[in-house]
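# Structure, please.
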Amino acid sequence: MKTCLSAIRAIACVGFASVALASDFTFTATSGDWGTPSNWDPASVPSTGDAATIPNGKTCSVGNANQTCGKVTVDSGGTLKVTARDLTISSSGPSGARLVVNGDLKLEKPSSTVGRIVFSGFEVEVSGSGTISALADNGGGGTIVGDGTYLFKVGSTVTMVGSIVFLTGVENNGYMHVNDSNDQMDFGDMTVSSRFTLRGTGGIAVSAGTVRFGRVEFKDSFPGVSLEVTGGEMRLTTYGYYVDTFASFHINGGTLTLQKSLTNKGGLEFRGGQIDVSADVIAVFEYSES
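Residues are numbered from 1 along each chain as shown. Here you go, the predicted structure:
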């Protein structure tokens, strides 16, 4: 009996300790690194299961080492920089949106290594009215890394811009944009492995630079993602799957390049620019709400 009671007490203590480990942290330094305990209130480094907030007027950098957190909030006027390191969103964080961006989240590439947002085994919901950016002219370059099962779910008021590679399934209900000739946004890499899901009702646009669809499969229903070309190039590569998609195409400049056959039910609006269709590729555009 004593042995059983001791075991129960030990388990209870472990349970209480696990609950106590999850804390809310606020970044208090005007500018500084995530990994410095004195930059936070309370004075420790946020980690697995914790929630971290970057307030107005503060700039937090993930630059000295990779970091892990359960939930990250960037308030309006706040800035979070992930510079050639990984910021992992852990599965043990609080419920609801795990990435709340009302300010600026910048993915930076000072050399050959990009800043990355990493998650696995669950869906990451992104909310807020701010911007996630990776602008090449400002040293930007980033990757969103997930797995083939769970989605990176972008909310309707979130903007993502610049040289971002999505190595994960994406549900885009926000706005993704490439507007500089030095930037390139990729959905999936250029390989023949299992494809990532791409769906949503938001916009993916290019006015300069390049947007490429690699090993992704359009899995949408009406209305699907809006694909907008006003400059630069949007390229549907040979590595994707574009059958019976409800994405809508809006071409008013630039180039839409089709390197693989497409059957589309979301319609085509063409007002200028060009459509470049590779040899032996057939593109069918129709409009259907079902």
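# Can you tell me the number of residues neighbouring residue 289?
A count of nearby residues for residue 289, using other C-beta atoms under 10 Å, gives 9. C-beta here means a position set from N, CA and C on the backbone, and glycine is covered the same way.
# which residues touch it?
residue 222 (C-beta atoms under 8 Å, 6 or more residues apart in numbering).
# Could you check which helix or strand contains it?
Assessed by DSSP states H and E, residue 289 sits outside every helix and strand.
# Can you give me the distance of it to residue 249?
Per C-beta to C-beta, to the nearest Å, residue 289 is found 16 Å from residue 249.
# helices and strands of this structure: which one bottoms out on pLDDT?
Taking mean pLDDT, DSSP states H and E as the measure, the helices and strands of the chain show their lowest mean at helix 2-21, namely a mean of 41.
# after that helix, next one along is what?
Per DSSP H and E, helix 2-21 leads on to strand 24-27 as the next helix or strand towards the C-terminus.
# any residues touching that next one, and which ones?
With C-beta under 8 Å, 6+ apart as the contact definition, strand 24-27 has outside contacts at 34, 39-42, 44, 46, 50-55, 58, 60, 78.
# Please convert the buried members of those into ChimeraX selection syntax.
With 16 or more other C-beta atoms under 10 Å as the burial test, the buried ones among the contacts of strand 24-27 are selected in ChimeraX as follows:
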select :34,39,40,46,50,51,52,53,54,55,58,60,78
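# So which of the contacts of strand 24-27 are in strands?
Of the positions in the contacts of strand 24-27, 40, 41, 51, 52, 53, 54, 60 sit in strands, assigned by DSSP state E.
# And the pLDDT for residue 24?
At residue 24 the predicted local confidence, pLDDT, stands at 97.
# likewise the one 3 residues further on?
You'll see residue 27 listed with a pLDDT of 99.
# Same question for residue 111.
According to the model's per-residue confidence, residue 111 sits at a pLDDT of 88.
# which ones are touching it?
By C-beta under 8 Å, 6+ apart, residue 111 lies in contact with residue 84.
# Could you measure from it over to residue 153?
With distances defined as C-beta to C-beta, the gap from residue 111 to residue 153 amounts to 31 Å.
# Just confirm residue 160 contacts residue 142, I think it does.
No - taking C-beta atoms under 8 Å as the contact criterion, residue 160 and residue 142 are not neighbours in contact, 9.5 Å apart.
# count of neighbours near residue 124?
Using other C-beta under 10 Å, the number of residues around residue 124 comes to 23.
# Apologies, that question was intended for residue 49.
19.
# For it, which residues are in contact?
With contacts defined as C-beta under 8 Å, 6+ apart, residue 49 is in contact with 21, 22, 70, 90, 92, 93.
# Identify the residues contacting the fourth one.
Going by C-beta under 8 Å, 6+ apart, residue 90 touches 48, 49, 68, 69, 70, 119.
# could you flag which of the residues you listed are buried?
When the contacts of residue 90 are checked for burial by 16+ other C-beta under 10 Å, the buried set is 49, 68, 69, 70, 119.
# Quick check: strands, which of those residues are part of them?
Going by DSSP E, the strands hold 68, 69 from these.
# Now flag whichever of the buried ones among the contacts of residue 90 is closest to residue 180.
Taking C-beta to C-beta as the measure, residue 180 sits nearest to residue 119 out of the buried ones among the contacts of residue 90, at 27.2 Å.
# Contacts only, for the closest one.
Applying C-beta under 8 Å, 6+ apart, we find residue 119 in contact with 88, 89, 90, 91, 98, 145, 146, 150, 152, 168.
# export those residues to TSV and tack on secondary structure?
Putting the contacts of residue 119 into TSV (DSSP: H, G, I helix; E, B strand; the rest coil) gives the following:
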residue	secondary structure
88	strand
89	strand
90	coil
91	coil
98	coil
145	strand
146	coil
150	coil
152	strand
168	coil
